[in-house]
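K.L.:
sequence-free structure coming up:
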């Protein structure tokens, strides 16, 4: 039986990934470490399993005597509004978190890390292959996230080169879906929250900046194949995403169409908002021929909106209950 | 009177810079922290001054009750042969070192950092202005240095943006000169060491890769103006270097010409060795109109070779003295 740790396991993606891990019967113990910065106690409900131990702690300061066969480092905010508000903490979670986690890896164990398409910055080539070196302003307002992800990749691949560590790094492209915080701050969840609250949807700039929106279930399919595959050989970072590229404004219009009466307003563009982002999936398709994103944004956004609406209804129902009922 | 700390102050550049600081009569206390990884005890002889306190410690783990008006973070190996051999320690020195040093900064104090032209990677534009986002492989064998420098820049400029910290960042281009370790591993000192030892000079590849070689005295002139200037306003990173770009092979031939009988041999290229590197000095010249590099490579290499020869002669003399003499 294997021991595993998921840092950031009460986050949006972290909790989905932890569920996937619990689906494996060779996992004997799963430790979830989360400081509840962008993670949520609500996600603990999905993780009720005798094999699970949940610890509320910064990963950098996580104390334990355990060692792990499999380490999953997902401890980082992923939304610009969160990471740009506390850049020091963002850098610390990624790179110092990785340093701490490496100390907990059993000899011969595997270290898996969720990196990001943000390592490509505002890309000058499209789609972006893993070999593209990126266009990141290392002094800019997104740099705490982009550069700490890049530096953590560097750390891990240097551990691979120098120490032969088994390293898996996924570069994720705009994942969305159920369990996103209402105040997450990224496009899909913002649009849905606004629409459900009867507020206008806010678009930064014209909304022509495009993204490759990956529904969480599809992304998990790629992620688990990369992280769990035993015969991949030594492999560099792998793009995991949906390569159908859609402008932000199209998502907004689609959400508005699902919630009649929703309006769209435009405000000034966000600083250094990348103009485009699309994964070159050649490597992922070669490694995982049986994997493909199957849920298009129309379906994925609808599923996410339904989940948000249910959460909101449950919340309203709980608030409406008389105290002590 | 001001308190200052130089992390990496027993290194090549660090010790020169500490000497420059000691030339200021408003410095009341200067703490030098160096773990003697690439720094050298030999450089302590240059720093005999009642205001100086030398501590042998990793900067990440440096314990003190003092706080500082001026922080100078030069704690990092700078030679590929050193940093690529211990990438974890390199990343730690830069980024975790910066985290620790920030804790020691007095409110309103200034944090100065020596970054590098390596943030540009193998550049696709020449010369490189500060706005160039670089071409760095964040998974490659130079990435521990390149990416930890980039990430530390990100950390500092985020501290400037979010907390108003007074930040100065110099991007240095191939500094050389006296006090370089004989085993430093970079071109000028390698060529000189080989020539003085009667060994052939080793060139990786054809030697057509070019660099902008900055003699330490010239570079210090730019560095002190950037770090000490009080009326620069909020300023991003600044290139400091000599913008005369010279192929490696020319330096080798020049050294060979100074030490008759020296031969040159070619070996396989180093992985991801940048093909070119040259600073765009527009910003530096606007900020410091009275600064320019005055020592050309012919003069600087000769001065360095003479210093290496004197060091070697002194060493030989000491070894030749009978014990107890």
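P.N.:
Cool, got the structure. Keep in mind the model is a prediction, meaning the values are calculated, not measured.
K.L.:
Contact residues of the stretch 1-150 of chain A facing chain B?
P.N.:
With Cβ under 8 Å from any Cβ of the partner chain as the criterion, the stretch 1-150 of chain A meets chain B at residues A:85-88, A:91-92, A:95-96, A:99, A:119, A:121, A:133-141, A:143-144, A:146-148, A:150. Placement of C-beta: from N, CA and C, glycine included.
K.L.:
Where does the stretch 201-325 of chain A get nearest to chain B, residue-wise?
P.N.:
In the stretch 201-325 of chain A, no residue comes nearer to chain B than residue A:236, which is 5.3 Å away by Cβ to the nearest Cβ.
K.L.:
so where's chain A shaky on pLDDT?
P.N.:
Scanning chain A with the threshold set as pLDDT under 70 gives A:322-325.
K.L.:
If we use 90, what do you get?
P.N.:
A:231, A:233-235, A:315-325 (pLDDT under 90).
K.L.:
Quick one: the strands in it, in order.
P.N.:
Secondary structure of chain A (DSSP state E): strands at A:2-7, A:27-34, A:52-56, A:68-73, A:105-116, A:166-172, A:175-176, A:201-204, A:210-212, A:214-215, A:238-240, A:245-247, A:264-267.
K.L.:
mind listing the helices for the stretch 101-250 of chain A?
P.N.:
In the stretch 101-250 of chain A, the helices defined using DSSP state H, counting those that start in this stretch lie at A:143-163, A:187-196, A:216-228, A:248-258.
K.L.:
Same list (these) but as JSON lines, adding mean neighbour count.
P.N.:
Formatted as JSON lines, the helices of the stretch 101-250 of chain A follow (neighbours: other Cβ atoms under 10 Å in any protein chain shown):
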{"stretch": "helix A:143-163", "mean neighbour count": "26"}
{"stretch": "helix A:187-196", "mean neighbour count": "23"}
{"stretch": "helix A:216-228", "mean neighbour count": "21"}
{"stretch": "helix A:248-258", "mean neighbour count": "19"}
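K.L.:
now for those helices, which one comes closest to residue A:24?
P.N.:
Between residue A:24 and the helices of the stretch 101-250 of chain A, the shortest separation by Cβ to Cβ is 7.8 Å, and it involves helix A:216-228.
K.L.:
which residues sit against that closest one?
P.N.:
Residues outside helix A:216-228 that contact it (Cβ atoms under 8 Å, 6 or more residues apart in numbering or on different chains) are A:12-13, A:16-17, A:20, A:24, A:70, A:72, A:110, A:112, A:114, A:168, A:170, A:172, A:175-179, A:232, A:238, A:240-242, A:284, A:287-288, A:291-295, A:300.
K.L.:
Tell me the buried residues within these.
P.N.:
A:12-13, A:16-17, A:20, A:70, A:72, A:110, A:112, A:114, A:168, A:170, A:172, A:175-179, A:238, A:240-242, A:284, A:287-288, A:291, A:293, A:295, A:300 (16 or more other Cβ atoms under 10 Å in any protein chain shown).
K.L.:
what would the strands of chain A look like in JSON lines with distance to residue B:159?
P.N.:
What follows is those, written out as JSON lines (distance: least, Cβ to Cβ, whole Å):
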{"stretch": "strand A:2-7", "distance to residue B:159": "24"}
{"stretch": "strand A:27-34", "distance to residue B:159": "26"}
{"stretch": "strand A:52-56", "distance to residue B:159": "27"}
{"stretch": "strand A:68-73", "distance to residue B:159": "24"}
{"stretch": "strand A:105-116", "distance to residue B:159": "22"}
{"stretch": "strand A:166-172", "distance to residue B:159": "27"}
{"stretch": "strand A:175-176", "distance to residue B:159": "29"}
{"stretch": "strand A:201-204", "distance to residue B:159": "25"}
{"stretch": "strand A:210-212", "distance to residue B:159": "29"}
{"stretch": "strand A:214-215", "distance to residue B:159": "33"}
{"stretch": "strand A:238-240", "distance to residue B:159": "32"}
{"stretch": "strand A:245-247", "distance to residue B:159": "34"}
{"stretch": "strand A:264-267", "distance to residue B:159": "27"}
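K.L.:
Kindly check the end-to-end length of stretch A:186-202 for me.
P.N.:
One end of stretch A:186-202 sits 11 Å from the other (Cα to Cα, to the nearest Å).
K.L.:
gap between residue A:87 and residue A:104?
P.N.:
Using Cβ to Cβ, to the nearest Å, we find residue A:87 at a distance of 25 Å from residue A:104.
K.L.:
Of the two, which one has the most company?
P.N.:
residue A:87 (24 against 21; other Cβ atoms under 10 Å in any protein chain shown).
K.L.:
residues contacting that one?
P.N.:
Contacts of residue A:87 were listed using Cβ under 8 Å, 6+ apart, and they are A:143-145, B:154-155, B:158-159, B:161-162.
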